[in-house]
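In: Dropping the sequence and predicted coords here.
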Amino acid sequence: MTADRRRPDHRSDRRGERHTVRPGELRHVVTHLITPLLMCIGMGFAYLGAFADPSPHHLPVAVVGTGTHAQVLAQTLNDKAHGELEARTVPDRPAAVDLLKKQEIFGAYLAGGNGSTGQKANGGATTAGRATVTPELLVATAGSDTSATVVQKVFTPLAAQQGAPLKVTDVVPTAKDDPTGQGIFFLLVALSIGSYASVAVIGGAGAVLAMRIRAALAIGTSFVVGIIGTLFAGPVFHLVDHGLAGLWGMAWLYSAGILLIGTGLHTFLKRWTTLGVMALFVMLNFTSSGGIFRPEMQNGFFASLHSFWNGAGFVEGTRSHVYFDGEGLAGHVWTLVAWLFAGLLMVGVAALTEKRRRTAEAEAVANAGAVAAAALAATVPERGAGHAAGQVSERPVSQAGVGAEEEMEEAVGV
């Protein structure tokens, strides 16, 4: 019984040895914690910088009418807005609707319903001909629900001064199942995650494959991601009720650009690739896409990115295709095509870099083997030299294999 009781002491000692942390292991873990901490910092700066304090910057609006009253009202809005609005006059309602459908303005105010003949009367009330007509605001929520809300807040007090409620008319409404119009933005999120997450697999697990095969996998994956996104937008959630073929085409262009750029970047960034693609296609991409706030509601940095970033190309291209009869669609499609060409260029540069690396490594191994064989031949018998040279030549290959496997596991893990 006494001997039996003493046996667990040896197991206890072994457990203590297992829990001993070596400095190299701890340093390895701490090094890997740098990536999520950098993600935290980057996401904080990007999202809070873009979304925390939205305010209009030169938001274009219009006052309908050709008379003095319309001109004075537009000028008064500009003077009081201090750069937040850019008010102009348009001659009539059809002209205002046309500008809204071209997304050149985001609200058009009809003072009393007829700005061309309306005149100021007692206490700010407006008369038009023989009777006072309800003031009306024209908006296009499909372009941006948040911008339409801001415009409504601007013109509601003007209608109140006339002693009448403001009538709001949506000339380009969103789909029935996407009342805020932000479903397109969340579709962008789904496409982006499917694309940049696939980069870790193709770049890490597929690192042993030739670059042309990895590029083919990237293009094939983008086809699948585009199909999934189209199914979400159409039959699953009914965000889009027409033009699904065009939507798929833009989704494929968008996804292919991300996958090719990420696959090419992996040659240079290795395990930092995930952080790199998140910076490009999440931190800077979602915030500048215009899916939540249009550039007129953001600061200059994100507003400038909106003009050429691929997420903005997809969001604005989809809006144009689905809601605005293709107005400005060509420019947004060319933005996506440019990012696709950037991805092809990145893959080409990566392929050339890998080829030069393989050539240099082969030469280095050959030179090292020759030097080792010559040195051993001078100090040991021929038979032993051959055996030792074989061991030397095998060692770099073994170490290289271990390093490649560890890098692949790190990339897929992140």
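Out: That came through fine.
In: Please make it C-alpha for all contacts and neighbour counts, starting now.
Out: Fine.
In: Look up how far residue 43 lies from the residue most central in space within the chain.
Out: A centroid search over the chain (C-alpha atoms, centre = their mean) returns residue 285, at 2.9 Å, as the residue closest to the centre. From residue 285 across to residue 43, the span is 11 Å (C-alpha to C-alpha, to the nearest Å).
In: Show the pLDDT at residue 274.
Out: The predicted structure scores residue 274 at 89 on the pLDDT scale.
In: Isn't it up against residue 200?
Out: Yes. Between residue 274 and residue 200 a contact is recorded at 6.6 Å, counting by C-alpha atoms under 8 Å.
In: More neighbours: which of the two?
Out: Each of residue 274 and residue 200 has its neighbours counted (other C-alpha atoms under 10 Å); residue 200 has more, 29 against 25.
In: quick one: that one from residue 177, how far?
Out: Distance of residue 200 to residue 177, computed by C-alpha to C-alpha: 34 Å.
In: Residue 211 now?
Out: 42 Å.
In: Neighbour count: these two, which is higher?
Out: Set residue 211 next to residue 177 and count neighbours by other C-alpha under 10 Å: residue 211 wins out with 22 against 13.
In: Now the more buried one: closest residue in space, sequence neighbours ignored.
Out: What sits nearest to residue 211 in space, not counting adjacent residues and going by C-alpha to C-alpha, 6 or more residues apart in numbering, is residue 351, at 5.8 Å.
In: can you list the weak-confidence ranges in the protein?
Out: Residues of the chain that meet the criterion pLDDT under 70 lie in 1-19, 113-132, 380-414.
In: returning to that earlier point: residue contacts, the residue nearest to residue 211?
Out: For residue 351, the set of contacting residues under the criterion of C-alpha atoms under 8 Å, 6 or more residues apart in numbering consists of 211-212, 264.
In: So which of the residues you listed is the closest to residue 34?
Out: In terms of C-alpha to C-alpha, no member of these lies closer to residue 34 than residue 264, at 22.7 Å.
In: Touching, the closest one and residue 350? I think so.
Out: Yes. Contact status for residue 264 versus residue 350: in contact at 5.3 Å, counting by C-alpha under 8 Å.
In: So which of the two has more stuff around it?
Out: With neighbours defined as other C-alpha under 10 Å, residue 264 and residue 350 compare such that residue 264 has more, 25 against 20.
In: so which helix or strand takes in that one?
Out: Of the helices and strands defined by DSSP states H and E, residue 264 is found in helix 244-269.
In: Now that helix: buried residues?
Out: Neighbour-count burial for helix 244-269, with 16 or more other C-alpha atoms under 10 Å as criterion, is recorded at 244, 247-248, 250-267.
In: Kindly report the same for stretch 332-343.
Out: Using 16+ other C-alpha under 10 Å, the residues of stretch 332-343 that count as buried are 332-340, 342-343.
In: now, which of those residues lie within strands?
Out: Judged by DSSP state E, strands contain none of the buried residues of stretch 332-343.
In: Make a markdown table out of those and add distance to residue 99.
Out: As requested, those are arranged in a markdown table below (distance: C-alpha to C-alpha, whole Å):
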| residue | distance to residue 99 |
| --- | --- |
| 332 | 19 |
| 333 | 22 |
| 334 | 23 |
| 335 | 23 |
| 336 | 25 |
| 337 | 27 |
| 338 | 28 |
| 339 | 29 |
| 340 | 32 |
| 342 | 34 |
| 343 | 36 |
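In: Pick out whichever of those residues sits closest to residue 191.
Out: For residue 191, the nearest member of these is residue 336. The distance, counting by C-alpha to C-alpha, is 13.7 Å.
In: Quick check: the gap between residue 72 and residue 88.
Out: Distance of residue 72 to residue 88, given as C-alpha to C-alpha: 10 Å.
In: Between the two, which is the more surrounded one?
Out: Between residue 72 and residue 88, counted using other C-alpha under 10 Å, the more crowded position is residue 88 (20 against 13).
In: give me every residue that touches residue 90.
Out: With contacts defined as C-alpha under 8 Å, 6+ apart, the neighbours of residue 90 are 62-66, 96.
In: so which of those residues comes closest to residue 148?
Out: Out of these, the one with the shortest distance to residue 148 is residue 62. That distance is 12.9 Å, counting by C-alpha to C-alpha.
In: so that closest one sits in a strand?
Out: Yes. Under the criterion used here (DSSP: H, G, I helix; E, B strand; the rest coil), residue 62 sits inside a strand.
In: just to revisit the earlier point, who are the neighbours in contact with the residue nearest to the centre of the chain?
Out: Contacts here follow C-alpha under 8 Å, 6+ apart; on that basis residue 285 touches 309-312.
In: Are we agreed that residue 180 is in a helix?
Out: No. Residue assignment for residue 180, taken from three-state DSSP, gives coil, which places it outside any helix.
In: quick one: the closest residue to it other than its chain neighbours from residue 376, how far?
Out: Distances taken as C-alpha to C-alpha, 6+ apart put residue 145 closest to residue 180, at 5.8 Å, once the chain neighbours are dropped. Separation of residue 145 from residue 376 (C-alpha to C-alpha): 77 Å.
In: For residue 210, the count of nearby residues, please.
Out: Neighbouring residues of residue 210 were enumerated by other C-alpha under 10 Å; the total is 12.
In: Could you check how far residue 250 is from residue 150?
Out: Following C-alpha to C-alpha, the distance that separates residue 250 from residue 150 is 30 Å.
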